[in-house]
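Peer 1: Give me the fold of what follows.
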Amino acid sequence: QVQLVESGGGLVQPGDSLSLSCADSGRTLSTYKMGWFRQAPGKEREFVAGFRWPVITDYADSVKGRFTISRDNAKNTVYLQMNSLKPEDTAVYYCGADANRDGVYDYWGQGTQVTVSS
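Peer 2: Next comes the predicted model:
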């Protein structure tokens with residue numbers, strides 16, 4: 001059973017940085033296509049960053065140049081480094097796992113809140 005757990009969210013000011021982590025203590029994430037998504041109040045969940053199997057990365061236009069996705073297979077962890085944060089980045093951030101690498105994310109974490117406010 002895949003159990004994704006996100007951590008690292010919080011309240012920061014515009015221009016600050018934050019790093020999110022997503023770990024699965026039960027199984028390795030190394031064979032899964034992983035991605036980060038976010039959902040702001042009143043909006044649908046949207047793609048933020050992910051791996052185009054196996055190592056090429058994709059980013060939403062709104063975060064290109066500011067966010068970086070990475071993974072440490074030895075630690076079963078995927079990261080999202082967020083720099084130059086803006087108020088519009090405020091959302092609940094979720095990591096997802098596409099176990100079959102077919103474009104459908106089968107597993108989700110519980111989410112971590114990121115709030116960017118002065």
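
Peer 1: Low-confidence stretches in this protein?
Peer 2: Within the chain, the segments meeting pLDDT under 70 span 26-28.

Peer 1: Can you tell me the centre-most residue of it?
Peer 2: A centroid search over the chain (C-alpha atoms, centre = their mean) returns residue 36, at 2.7 Å, as the residue closest to the centre.

Peer 1: Now residue 73: closest residue in space, sequence neighbours ignored.
Peer 2: Using C-beta to C-beta, 6 or more residues apart in numbering and skipping residues adjacent in sequence, the residue nearest residue 73 is residue 30, 3.9 Å away. For the C-beta atoms, the positions are set from N, CA and C on the backbone; glycine is no exception.

Peer 1: what's the distance between the one you found and residue 82?
Peer 2: According to C-beta to C-beta, to the nearest Å, residue 30 stands 23 Å off from residue 82.

Peer 1: Same question for residue 68.
Peer 2: In this view, residue 68 and residue 82 are 8 Å apart by C-beta to C-beta.
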